[in-house]
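Engineer: can you look at this prediction? I've put the sequence above it.
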Amino acid sequence: MNVEPVSSKRRPRKILVADDDEGVRAGLVANLELEGYQVVEARDGGEAIRHATEQAFDLIISDVVMPIATGVDVLSAVRKLKLDTPFILISAFVSEDLVARALGEGLFAMLYKPFAMERILEVVARALKQNAVLIVDDTRTFVTSLASALRSVGVRVETCESGESAIAYASSHSVDVCVLDLVMEPLDGLATCEALQAVDPRMDIIAITGLATNEQVRHIARRGVATCLRKPFEVRDLLTAIARVRAATPVKR
């Protein structure tokens, strides 16, 4: 009995690449197609918006500065369509205002030119997995509020209110980024971090705290966490940290 390979049954992921620099665009398209993706090109922001409104994409990669519309304008247009399509912005330079706008629209990651093609392919693979951001904090009102704020900009979120439940979740689900409170009971943030890294040594963890001592922060830093945010923090600060982690680290296998 002949069995058709699983890979042949699955449709190729469709990616929109928008960049007015023909060299950059052609290089991205060629490499993505070599990875087996179906790619549609846009030469300016207006063309990108038209493609995004006429057909569905699994991922959009866009330059920031383009004729007719910026990459952030393209992202805004996609979100107005109520689409949660992962969106990666690339740029040689971008203003803080544009970054803030993009983060507020649920930007997946921001990469700066010049970038290694291997790195962007890793970020693409990570984005297409669409794994959830896991928030771990034993204060229910805080977890609920933070999760709601992240979901409002298109971030996929799961929550746990104890270290034990977070470990159980990570043991049966892939986690994109873990946002972990340091001061919890009975299992504190450091012990939870160690257990989560035992489950997945490459898990990206962002520590958060309102009460942790400097010594606790130093201990968690030695575990290789991406950063530590002090409560109260702005949601944009967390979105920035998440976007940086996604752009800076390889996809989890």
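Structural biologist: All right, it came through fine.
Engineer: does residue 39 touch residue 31 like I think?
Structural biologist: No - checked against C-beta atoms under 8 Å, the pair residue 39 and residue 31 is beyond contact range at 9.5 Å. (Each C-beta comes from the backbone N, C-alpha and C, glycine too.)
Engineer: looking at these two, which one has more neighbours?
Structural biologist: Each of residue 39 and residue 31 has its neighbours counted (other C-beta atoms under 10 Å); residue 39 has more, 20 against 16.
Engineer: strand partners of the helix or strand containing the more buried one, parallel vs antiparallel please.
Structural biologist: Following DSSP states H and E, one finds residue 39 within strand 38-42. Looking at strand 38-42 with DSSP bridges, its partner strands are strand 14-18 (parallel).
Engineer: so how far is the partner strand from its chain's centroid?
Structural biologist: Relative to the mean C-alpha coordinate of its chain, strand 14-18 is positioned 17 Å out (C-alpha atoms, centre = their mean, to the nearest Å).
Engineer: next helix or strand past it?
Structural biologist: Helices and strands here follow DSSP H and E; after strand 14-18, the next one along the chain is helix 22-34.
Engineer: which elements pack onto that next one?
Structural biologist: Helices and strands touching helix 22-34, by 3 or more C-beta pairs under 8 Å, 6 or more residues apart in numbering; DSSP states H and E, are strand 14-18, strand 38-42, helix 117-129.
Engineer: could you list the buried residues of the last one?
Structural biologist: Applying a neighbour-count criterion of 16 or more other C-beta atoms under 10 Å, one finds 120, 121, 122, 123, 124, 125, 126, 127 buried in helix 117-129.
Engineer: the nearest residue to residue 164 once chain neighbours are set aside in helix, strand or coil?
Structural biologist: In space, and not counting its chain neighbours, residue 164 is closest to residue 187: 5.8 Å by C-beta to C-beta, 6 or more residues apart in numbering. Here residue 187 is recorded as coil under DSSP: H, G, I helix; E, B strand; the rest coil.
Engineer: touching, residue 187 and residue 162? I think so.
Structural biologist: Yes - with contact defined as C-beta under 8 Å, residue 187 reaches residue 162; the gap is 6.7 Å.
Engineer: list the contacts of the most centrally placed residue in the chain.
Structural biologist: Nearest residue to the geometric centre of the chain (C-alpha atoms, centre = their mean): residue 108, 3.9 Å. Counting by C-beta atoms under 8 Å, 6 or more residues apart in numbering, residue 108 touches 86, 87, 88, 123, 127, 243, 246.
Engineer: tabulate these (TSV), appending pLDDT and distance to residue 67.
Structural biologist: Output for the contacts of residue 108, formatted as TSV (pLDDT from 0 to 100; distance: C-beta to C-beta, whole Å):
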residue	pLDDT	distance to residue 67
86	94	24
87	96	19
88	96	20
123	95	25
127	95	25
243	92	25
246	93	28
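Engineer: which of those sits closest to residue 99?
Structural biologist: The closest of those to residue 99 turns out to be residue 243 (C-beta to C-beta; 8.8 Å).
Engineer: phi, psi of that closest one?
Structural biologist: Backbone torsions for residue 243, taken as degrees, to the nearest 10, come to phi -60, psi -40.
Engineer: oh, and call the first residue 51 from now on, that's how I've got it
Structural biologist: Sure, I'll start numbering at 51, so the last one becomes residue 293.
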